[in-house]
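Undergrad: need a structure here:
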Amino acid sequence: MNIALIVFAGKGTRIHSQIPKQFIRIDKKEIVAYTIETFQHHPLIDEIILVTSADYLPYTQNLTYLNHFDKVINIVEGGETRQESVRKGLLSIKANDKDNVLIHDGDRPLVSHEIITRCLRELAEHDACTVAIKSDEALTEVKNLGRKYHLDGVDYDIQTPQCFKFGLIRDAHIRLCEQKFVDDASLIIEMGKDVSLVEGDKYNFKVTTDQDLEFLRKELVIRNQIKDEE
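TA: Numbers count the residues shown, from 1 in each chain. As a prediction, the model looks like this:
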């Protein structure tokens, strides 16, 4: 089974908005709805778990209903940190240890079906992987592309999804809950296990600043116009 765990419990204080950035509407749809929609329509994703803040639980429930996201089987209240939110999401999952879980930031709405498929193929051979792009491939207009890894002399910008065998990442979050990590792959590395890299793309960026938001707005309008013309 392939489970998507989409996390969006943060407040996003670097964007000037009265509401959390993930709920900003672009072309009549919330940013996070674009994210969920991609996993909803991917044929290999079986279930979706959403993790949001307590203040936005009813809003998220309504958003899920209105958009007919029927793969969403649970909406979980997040924690004070992303790490805690992911842990709470993982503990809500009922799955076999060898099932796949793809942990994705709700504010990365341009993740593609191709990236998700590549992650699932990688999990057929490995227990853990993360999406990444070479740093020199980054868009100059978009500054926030995630953590940097250095591997075999190459710098990478780390994105999400970060993907794991369910039992591995659940146990890592339980065992290392007292330590602080910047992302989920770091827990696996701390346990002495390998995390393979999956090719991402430059559009799979995290919306963090007003500049990111404006770029996303323009890109989504273009993509929606193309859909309307098809």
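Undergrad: Phe205: neighbour count?
TA: 29 (other CB atoms under 10 Å). The C-beta positions use only the backbone N, C-alpha and C, and glycine is treated the same way.
Undergrad: Let me know whether it touches Asp212 as I believe.
TA: Yes - in terms of CB atoms under 8 Å, Phe205 counts as a neighbour of Asp212; the distance is 6.5 Å.
Undergrad: mind listing what's buried in the helix ranked longest in the chain?
TA: Identified as the longest helix of the chain according to DSSP state H is helix 210-229. Going by neighbour count (16 or more other CB atoms under 10 Å), the buried part of helix 210-229 is 212-213, 215-216, 219-220.
Undergrad: what would those look like in a markdown table with distance to Lys134 and pLDDT?
TA: Formatted as a markdown table, these follow (distance: CB to CB, whole Å; pLDDT from 0 to 100):
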| residue | distance to Lys134 | pLDDT |
| --- | --- | --- |
| Asp212 | 20 | 93 |
| Leu213 | 25 | 94 |
| Phe215 | 20 | 94 |
| Leu216 | 22 | 95 |
| Glu219 | 21 | 93 |
| Leu220 | 25 | 90 |
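Undergrad: And these, which is closest to Arg87?
TA: Nearest to Arg87 out of the buried residues of helix 210-229 is Asp212 (CB to CB; 26.7 Å).
Undergrad: ok, which stretches of the protein are helices?
TA: Going by DSSP H, the chain shows helices at 31-41, 57-66, 82-91, 113-123, 166-175, 184-190, 210-229.
Undergrad: Out of the ones you listed, which gets nearest to His16?
TA: Nearest to His16, of all those, is helix 210-229, at 6.0 Å by CB to CB.
Undergrad: picking that back up, export the helices of the chain to TSV and tack on distance to His104?
TA: TSV is the format used below for those (distance: least, CB to CB, whole Å):
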stretch	distance to His104
helix 31-41	7
helix 57-66	15
helix 82-91	10
helix 113-123	9
helix 166-175	13
helix 184-190	10
helix 210-229	16
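Undergrad: List the buried residues for the longest strand anywhere in the chain?
TA: Secondary structure assigned by DSSP state E gives strand 154-165 as the longest strand of the chain. For strand 154-165, a neighbour-count test (16+ other CB under 10 Å) marks 156-165 as buried.
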